[in-house]
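1. Dropping the sequence and predicted coords here.
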Amino acid sequence: METHGSVTTPRCRRIVLFPLPFQGHINPMLQLANILHTHGFKITIIHTEYNSPNPSNYPHFTFKSINEGFSEIADQIPTITDATYYLRYLNKTCVDPFRDYLAGLLADPAGEETVACVITDAGFYFAQAVADDLKLPRIVLRTSSLGCVLAFDALPFHSYINLTKEGLSNTPISDYEASVPEYPLLKFKDVVKIITAHPQGMGDFITNTLKQMKTSSGIIWNTFKELEESALETISQDFPIPSFPIGPFHKYFPASSSSLIEQDRTILSWLDKQSPKSVVYVSFGSVAHITKSEFHEVAHGLDNIGLPFLWVVRPRMVDGSEWLESLPEKFLERIGDRGRIVKWSPQQEVLAHPATGCFWTHSGWNSILESICEGVPMICSPCFGDQPINARYVSDVWKIGVLLEDGFERVGIETGIKQVMMDKEGEEMRERISCLKEKVNLSLDEGGSSCESLNNLVDYISSF
Ligand code: UDP
């Protein structure tokens, strides 16, 4: 037996982890792998060829690449508008290589080593049947919030088949603004965003994911108990398997090294020159796209508000543009040194910087957690998937930010930024989020909720 901190684990237990190949899923899975490694487990990361992580950043892990077959549909990709298509595709193409690799590993263990379990992203619902066949416990990593899973579990996606922007355009605006009976925190307009234009695909993906989560050996959550206490109680009834809220994962280590895009670090010296809490940090994550007219509205909003800003614009994030060609005329000259635009930022360091005053975000779960951990209030512009749910929790439940109800529209943008940066309401949001920041730190300390939950997880895996 080996002892690591307060936890005792058997020698030579290996855990095999398999992240979905998107930045917001790779980051937490690799962070989780690091956490488990520091508790004495050996780590293998299975990954797709698409968006492969850089193994040289993790010399202490074993990496195994499998072919997910995206190259075979490369010519169709520009015409595929349904994001869940890729997720459903991966759940078919990864079955054989995943099973073959695991079967080989189990048949031919290295020395005295044994595989304790496999941990896959919850979105890899196919993996439950493979793990069952191989008699290997499967734990899922859920990279979204508990609240998101409750909402997904409650929403009847298949009855909302006609609930698209087009379908709603003929209905009175009051219907669009009304609460959804199955999850009253959400409005119908939020559900339209969640399902985008493909309720059937979204419904199938979510139904399969939730069903296989419920039959797994346990769920690891990148959240902390104090943030989602009542959701945790409901989850323990609706998902009667062990739950381990051990997050936020990124707080266990210095800033993450799993970025798929090179981070522009030159902006840190620009931030050093700005006044405390003066900068609006804008980033819409690694996947969201916006139209040219939405891009214009963002630019006008930032221009008009007159505050310093740091704006992440990923290449091809704006539909039909390579990078900044669609900016309003003379925008960059007008802004001068007041604003910076970069392709990708060291986000955790930006949020931790004293100059950062607020975070205008697409409301991805990692971004929200990172903002909470640094006590930075938010302006939310959710695009799809879990983002509209996260944004409602930020604005209506935790009250640590505002939601731009009218989407990307310059007057609403200016009002939202002003509210957070200059109004009394914004000060109150800052106080509430600072309070949550303290609770995060306590939860990770010895005896805190996330720390205890992690000890339980390590004991649980060691018992397999
Ligand atoms: N991120 C980053 N630099 C950027 C923008 C984002 O490092 O310029 C990181 C961010 O810190 C987070 C992840 O990318 O960990 C995005 O995950 P999130 O769940 O917020 O959104 P997604 O990209 O999955 O939509």
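-> Cool, the structure landed. Please read all numbers here as calculations on a predicted model, not as lab measurements.

2. Skip ahead from the helix or strand where residue 63 lies and say which helix or strand is next.
-> In the assignment (DSSP states H and E), residue 63 maps to strand 62-66. Counting by DSSP H and E, the next helix or strand C-terminal to strand 62-66 is helix 83-93.

3. tell me what that following helix is packed against?
-> helix 199-214 (3 or more CB pairs under 8 Å, 6 or more residues apart in numbering; DSSP states H and E). For the C-beta atoms, the positions are set from N, CA and C on the backbone; glycine is no exception.

4. CA atoms only: put the lengthiest helix in the chain into CSV for me.
-> With secondary structure taken from DSSP state H, the chain has its longest helix at helix 424-444. Extracted in CSV, the C-alpha atoms of helix 424-444 (Å, rounded to 0.1, in the frame of the first residue of the first chain):
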residue,chain,number,x,y,z
LYS,A,424,-25.1,49.7,-7.0
GLU,A,425,-26.6,46.5,-8.2
GLY,A,426,-23.2,45.6,-9.7
GLU,A,427,-21.5,46.3,-6.3
GLU,A,428,-24.0,43.9,-4.7
MET,A,429,-23.2,41.2,-7.3
ARG,A,430,-19.5,41.7,-6.6
GLU,A,431,-20.1,41.2,-2.9
ARG,A,432,-22.2,38.0,-3.5
ILE,A,433,-19.6,36.5,-5.8
SER,A,434,-16.8,37.4,-3.4
CYS,A,435,-18.7,35.5,-0.8
LEU,A,436,-18.9,32.5,-3.1
LYS,A,437,-15.2,32.8,-3.8
GLU,A,438,-14.5,32.3,-0.1
LYS,A,439,-16.8,29.3,0.1
VAL,A,440,-14.9,27.7,-2.8
ASN,A,441,-11.7,28.1,-0.9
LEU,A,442,-13.2,26.6,2.3
SER,A,443,-14.7,23.7,0.3
LEU,A,444,-11.2,22.7,-1.0
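
5. in it, what counts as buried?
-> By neighbour count with 16 or more other CB atoms under 10 Å, helix 424-444 contains the buried residues 426, 429, 430, 432, 433, 434, 436, 437, 439, 440, 443, 444.

6. give me every residue that touches the closest residue to the fifth one other than its chain neighbours.
-> Put plainly, it is residue 433. Nearest residue to residue 433 in three dimensions, chain neighbours excluded: residue 400, at 4.1 Å (CB to CB, 6 or more residues apart in numbering). Contacts for residue 400 were tallied using CB atoms under 8 Å, 6 or more residues apart in numbering; they are 372, 377, 378, 394, 429, 432, 433, 436.

7. Also residue 204?
-> 84, 88.

8. Now do the helices in the stretch 1-150 of the chain.
-> In the stretch 1-150 of the chain, the helices defined using DSSP state H, counting those that start in this stretch lie at 23-38, 83-93, 95-107, 127-133, 146-154.

9. Now do the last one: which elements does it pack against?
-> Spelled out, it's helix 146-154. Counting contacts by 3+ CB pairs under 8 Å, 6+ apart, helix 146-154 is packed against strand 183-187, helix 199-214, helix 229-238, helix 387-392.

10. Residue 402 contacts residue 392, correct?
-> No: using CB atoms under 8 Å as the test, residue 402 is too far from residue 392 to be in contact (11.5 Å).

11. And these two? Which one has more around it.
-> residue 402 (26 against 22; other CB atoms under 10 Å).

12. Quick check: that one vs the ligand, distance?
-> 18 Å (CB to the nearest ligand atom, to the nearest Å).

13. circling back: quick one: contacts of the longest helix of the chain?
-> Residues contacting helix 424-444 (CB under 8 Å, 6+ apart): 224-227, 248, 251-252, 358, 371-377, 398-402, 419-420, 448-451.
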